[in-house]
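Enquirer: would you be able to build a 3D model of this:
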Amino acid sequence: MDNKIRSARTVAAGISVLALGAALTVLGPSALSSAAQQPAAPFTAETPRAVLLGSPAAGTDDTAILGKDSESLEGLKIAPSAPKAWTPSSTSAGSDKFNYLVTVKFTNNGDKSVDLGDVLTEVNTDGGATHTVHDSANNVGMSIDAGRLAPGQTSTLKYGFSSESKPSYVNFDFTMFLGDDTAEFTYEW
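Expert: Numbers count the residues shown, from 1 in each chain. Modelled structure (predicted):
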């Protein structure tokens, strides 16, 4: 991959962080602290619920549920699994005390090839600092090298995330590099 593409992706990631900072500035700390004060409801695999960041008790019709729903993003159908507890390899980057793995099936329903390396992810939980895990030994979080997906083709990639404490919910978002739309997924334990 040439350095121009890698630099452009780095800039896009920086812009995402700045946008999150601006949103937090506008919303203020009360939006986040209300999420931390909500008691976590018991979770059963049969009854996952959609939640919004800052309001874990509030469901919404426009947010998909990990392991249950799929969403489309610029002709790309995204169908992630429910998060599963996972132990990254000793050479992984970004792992913490609580590690989870999400397997995502991508199907290109569009009429153009899609570079899966252009699919960016953002993960947020209420479990303290949340990190994306990159684990080359287990081929987790390696979407930059995933290649192109021709129309009608399907590919499965693995994504990992970790948090300092056990989360009661997770927001997992997908965006396309330089795209405007977001495929939003949530999950509650």
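Enquirer: ok, for Ala85, nearest residue in space, not its chain neighbours?
Expert: By the measure of Cβ to Cβ, 6 or more residues apart in numbering, the closest residue to Ala85 outside its immediate chain neighbours is Tyr100, 6.2 Å from it. Any C-beta I mention is one placed from the backbone N, CA and C, and that applies to glycine too.
Enquirer: my guess is that neighbour meets Tyr169, correct?
Expert: No - using Cβ atoms under 8 Å as the test, Tyr100 is too far from Tyr169 to be in contact (11.9 Å).
Enquirer: can you list the residue ranges for helices in this structure?
Expert: 3-27, 29-37 (DSSP state H).
Enquirer: check contacts around the residue nearest to Ala85.
Expert: With contact set as Cβ atoms under 8 Å, 6 or more residues apart in numbering, Tyr100 has these partners: Pro83, Lys84, Ala85, Trp86, Gly160, Phe161, Ser162, Val170.
Enquirer: what's opposite Ala64 in the beta bridge?
Expert: Phe185 (DSSP bridges).
Enquirer: could you report the distance from Gly117 to Ala85?
Expert: Applying Cβ to Cβ, to the nearest Å, the value for Gly117 to Ala85 is 27 Å.
Enquirer: out of the two, which sits in the busier spot?
Expert: Neighbour tally, Gly117 and Ala85, criterion other Cβ atoms under 10 Å: the higher count belongs to Gly117, 18 against 9.
Enquirer: quick check: closest non-adjacent residue to that one.
Expert: Ile144 is the one closest to Gly117 (Cβ to Cβ, 6+ apart), at 4.5 Å.
Enquirer: can I assume Pro83 is in contact with Val102?
Expert: Yes - using Cβ under 8 Å, Pro83 is in contact with Val102, at 5.3 Å.
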